[in-house]
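S.K.: next input, structure requested:
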Amino acid sequence: MRGGSVAVVGGSIAGCAFASAAVRAGAAEVVVLERTRGRLADRGVGLCVHDDRAAELVAAGALPPGIPAHRLERRRWVVRDVSAGAGGRLIWEQPFPFHSYHWGLLWRGLREAVPGAVDYRQGVAVGAVEGHGDGVRVRFGDGGGGRFDLVVGADGYRSVVREAVSPGAAPHYAGYVCWRGNFDAALLEGLEGAESYPEAVTTVCFPGGSCVIYRIPGPRGPRVNWVLYAAPPQGAGLRFDDPTSFPPGALGEELAGHLRALLEREFPEYWGRALALTPPADTFVQPIYDLVTEPAAAGRLLLAGDAASVVRPHNTSGAAKALQDATAFGAAWAGAGSWEGLVARYQTARGGAGRELVALARRLGRAQVEETPVWGRMSPDEVAGWWAGQLAGAAGIGGQAMSS
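M.R.: Numbering: from 1, shown residues only. Prediction:
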């Protein structure tokens, strides 16, 4: 298996990782087709990678060294309690061996690691893919196109390649949304009333939702990233066919007002004032979806990252899974004698990878948003038992170890 042409549809984290893996495996031509024209590095969303998953990915060459990351060590679960002070009352604390990343800086590190031989094209929308003799025909939105020996769908939630692999498969709305935002961590220096715990993830718990808050590196210094899960207000105008219905700076007064009310009513004073520091341009709402695509590969097409499985963010596993997919792709190529053999090996390795992640995230979503307990009445031992019940035998969050 040397030579041949590979098209990677989507040029974000999964797309860059797959392009690099294809070149290392021996592809003669690798083309990345990214629909956006803007700077992907400007995306400021935070994410975390479990230390064990990061070590595996660095060893495999899928996670380049030197990408800025912030070390996290513990997770603090707090509730609003005026008698406990502005920072709220701590109900439980657990180890949290993760590093956090700025999405744009992680993408930039992966993009810079893509070999120069890769033809990375921006502003190219793919309209369809279809089998074409002994290859795959890719049709562009402007009417152009090309033929490739293999096509990788790394095109996210609304994957065009997924439709060719598994017609009709589409993400399903989970019944709630997340408000997301980030702000300059230096702003916390002027905020009195509690400690910010730079090495910790703080989870604010309230009836009908929860919010995770943690630091991430940023292009111009450390930032505070937060994700708040709750049901949206009735009549907010959300379109649940689009996972990014309200992009940064476009919330509208009803959604912005609902967020303010949640912070004032449900959050410890300190954390409510902290999240209120987020500029409107750095705040957005994202409906929560999930999906398992089976199969994850067919013919000469294979799916990666969110195109293959859409996992609710509670698992903290999205970036790790995308990079694991790329690692498995390289291993499948090395052990295959044909394109069909490569696809079959990839399907065997990754076809079921999303199933357990989606199931775990659904349990966590029910427990932390849809059917929340009475947090304030729980002892630390009761919270620990509740958490273990959500894991239901899973080793933890952060994704699964790669198969040996």
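S.K.: and Glu56, helix, strand or coil?
M.R.: Three-state assignment for Glu56 (DSSP: H, G, I helix; E, B strand; the rest coil): helix.
S.K.: going forward, count from 30.
M.R.: From this message on, residue numbering opens at 30, which makes the last subject Glu85.
S.K.: spatially nearest residue to it (excluding sequence neighbours)?
M.R.: With sequence-adjacent residues excluded and distances taken as C-beta to C-beta, 6 or more residues apart in numbering, Glu85 is closest to Met431, at 5.5 Å. All C-beta atoms are positioned from the backbone trio N, CA, C, and that covers glycine.
S.K.: which other helices and strands contact the lengthiest helix in the chain?
M.R.: Assignment by DSSP state H gives helix 347-363 as the longest helix of the chain. Under the contact definition 3 or more C-beta pairs under 8 Å, 6 or more residues apart in numbering; DSSP states H and E, helix 347-363 sits against helix 42-54, strand 75-79, helix 80-89, helix 368-379, helix 382-394.
S.K.: helices and strands around the shortest one, which ones?
M.R.: By that I understand strand 75-79. strand 118-131, helix 132-142, strand 238-245, strand 252-259, helix 347-363.
S.K.: rerun at 6 Å
M.R.: strand 118-131, helix 347-363 (3 or more C-beta pairs under 6 Å, 6 or more residues apart in numbering; DSSP states H and E).
S.K.: kindly report the same for the fourth one.
M.R.: In this structure, helix 368-379 makes packing contacts with strand 326-327, helix 347-363, judged by 3+ C-beta pairs under 6 Å, 6+ apart.
S.K.: tell me the most buried of the helices and strands packed on strand 75-79?
M.R.: helix 347-363 (a mean of 25; mean count of other C-beta atoms under 10 Å).
S.K.: just to revisit the earlier point, Phe296: which of the helices and strands packed on strand 75-79 is closest?
M.R.: Closest of the helices and strands packed on strand 75-79 to Phe296 is strand 118-131, at 12.4 Å (criterion: C-beta to C-beta).
S.K.: on that earlier part again, ranking the helices and strands packed on helix 347-363 by burial, who's on top?
M.R.: helix 42-54 (a mean of 27).
S.K.: now what about it, what contacts it?
M.R.: 35, 37, 59, 61, 91, 136, 139-140, 142-144, 146-147, 181, 183, 333-334, 348, 351-352, 355, 358-359, 362 (C-beta atoms under 6 Å, 6 or more residues apart in numbering).
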